[in-house]
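Asker: My questions concern the predicted model and sequence given below.
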Amino acid sequence: ADSKERTVVEDRKVQGYLNMVAAALVYNQLSVKEGFKAFDADGDKQISLNDMRVSLSELEMTLSQEDLGRLHAKLDTDGDGYVSAVEWEQGMSLADYSAVLLSVGTKTEESRDAKQQEAMQELMKQLRKAEESVKEGQEKLQEFEKRAKEAEERLKG
């Protein structure tokens, strides 16, 4: 039972790392495919254990050698020592990044949409102000043209 419990804890830990990787992709606005390219440090179209070590280090994620191996093994489903693009996509589909992002106070897409909506409302306010200014300018111009015409008629007459 002890080793079974340890396996469950280790699985949860590895899943947590996977969630963190997925969260890092979302936070950096990378698609799963872009994330694969970013993790493929040497550009050979597969993620080796070393590629993963380098990439996680760049993300300032420090994993023990053992945990790094477990995470890599979780993604390397065919056991050939490399994570292919397909394996990467399958692994990322199992990740839950939202809990990680929320735990560090980062907003998920729903709140990002709300932020975009706020920004759009602010732009609309500014546009309405600009339209009002243009309208005021047009009214002043019409008033000026009217006075100029009146002055011109007085000079003629």
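Answerer: Everything's here; your move. Numbering: from 1, shown residues only.

Asker: could you pull out the helices for this protein?
Answerer: Using DSSP state H, the helices of the chain run over residues 2-27, 32-39, 49-58, 65-75, 85-93, 97-103, 109-156.

Asker: which outside residues touch the third one?
Answerer: What it means is helix 49-58. Residues from elsewhere that reach helix 49-58, judged by C-beta atoms under 8 Å, 6 or more residues apart in numbering: 21, 38-42, 47, 62-63, 68-69, 71-72, 81, 83. C-beta: built from backbone N, CA, C; applies to glycine.

Asker: Closest one to Glu132 out of those residues, please.
Answerer: Using C-beta to C-beta, Ala38 is the member of these that lies nearest Glu132, at 47.0 Å.

Asker: Pretty sure that closest one sits against Leu30.
Answerer: Yes: if you go by C-beta atoms under 8 Å, Ala38 and Leu30 touch, sitting 6.3 Å apart.

Asker: Mind giving me the packing neighbours of the lowest-mean-pLDDT helix or strand in the chain?
Answerer: Using mean pLDDT, DSSP states H and E, the weakest-scoring helix or strand in the chain turns out to be helix 97-103, at a mean of 72. On a contact count with 3 or more C-beta pairs under 8 Å, 6 or more residues apart in numbering; DSSP states H and E, helix 97-103 meets helix 2-27.

Asker: Would you mind getting the angle between the helix it packs on and helix 32-39?
Answerer: Angle between the axes of helix 2-27 and helix 32-39 is 100 degrees (criterion: axes from the mean of the first three to the mean of the last three C-alpha atoms, to 10 degrees).

Asker: Neighbour count says what about the contacts of helix 49-58? Which are buried?
Answerer: Buried subset of those (neighbour count, 16 or more other C-beta atoms under 10 Å): 21, 38-41, 47, 63, 68-69, 71-72, 83.

Asker: min pLDDT across those, which one?
Answerer: The lowest pLDDT within the buried ones among the contacts of helix 49-58 belongs to Leu63, with 87.

Asker: residue contacts, it?
Answerer: Leu63 makes contacts with 17, 56, 71, as judged by C-beta under 8 Å, 6+ apart.
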